[in-house]
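Novice: got a structure for you, letters missing:
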């Protein structure tokens, strides 16, 4: 099972939209999604404060930045 990390922050409407998009995907294989609030980690907050939501594929640390658009399905299935 492929693992992904969705970097988010509190009261972020874009983060909520990103999570909804991920939940609506119809995937041939299942994924494990971990939500990470960047506020809990000072370094993540410095690096991603203005970039969230960001989806990270654990297998290779590849990042998909918002807006995900048509790239989301391909990114998740790689």
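Specialist: Right, received. Where do you want to start? Keep in mind the model is a prediction, meaning the values are calculated, not measured. Numbering: from 1, shown residues only.
Novice: in this structure, which ranges drop under the pLDDT threshold?
Specialist: 28 (pLDDT under 70).
Novice: Which elements pack onto the biggest helix by length in it?
Specialist: If you go by DSSP state H, the chain has its longest helix at helix 13-24. Applying 3 or more CB pairs under 8 Å, 6 or more residues apart in numbering; DSSP states H and E, one finds that helix 13-24 makes contact with strand 2-8, helix 71-77. C-beta here means a position set from N, CA and C on the backbone, and glycine is covered the same way.
Novice: Give me the buried positions along stretch 25-43.
Specialist: 36, 38 (16 or more other CB atoms under 10 Å).
Novice: sorry, back to before: in the longest helix of the chain, what's buried?
Specialist: Buried positions in helix 13-24, judged by neighbour count with 16+ other CB under 10 Å: 15, 18-19, 21-22.
Novice: CSV please, covering those residues and showing distance to residue 73.
Specialist: Formatted as CSV, the buried residues of helix 13-24 follow (distance: CB to CB, whole Å):
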residue, distance to residue 73
15, 19
18, 14
19, 16
21, 10
22, 10
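Novice: ok, those residues vs residue 39, which is closest?
Specialist: Nearest to residue 39 among the buried residues of helix 13-24: residue 15, at 11.6 Å, using CB to CB.
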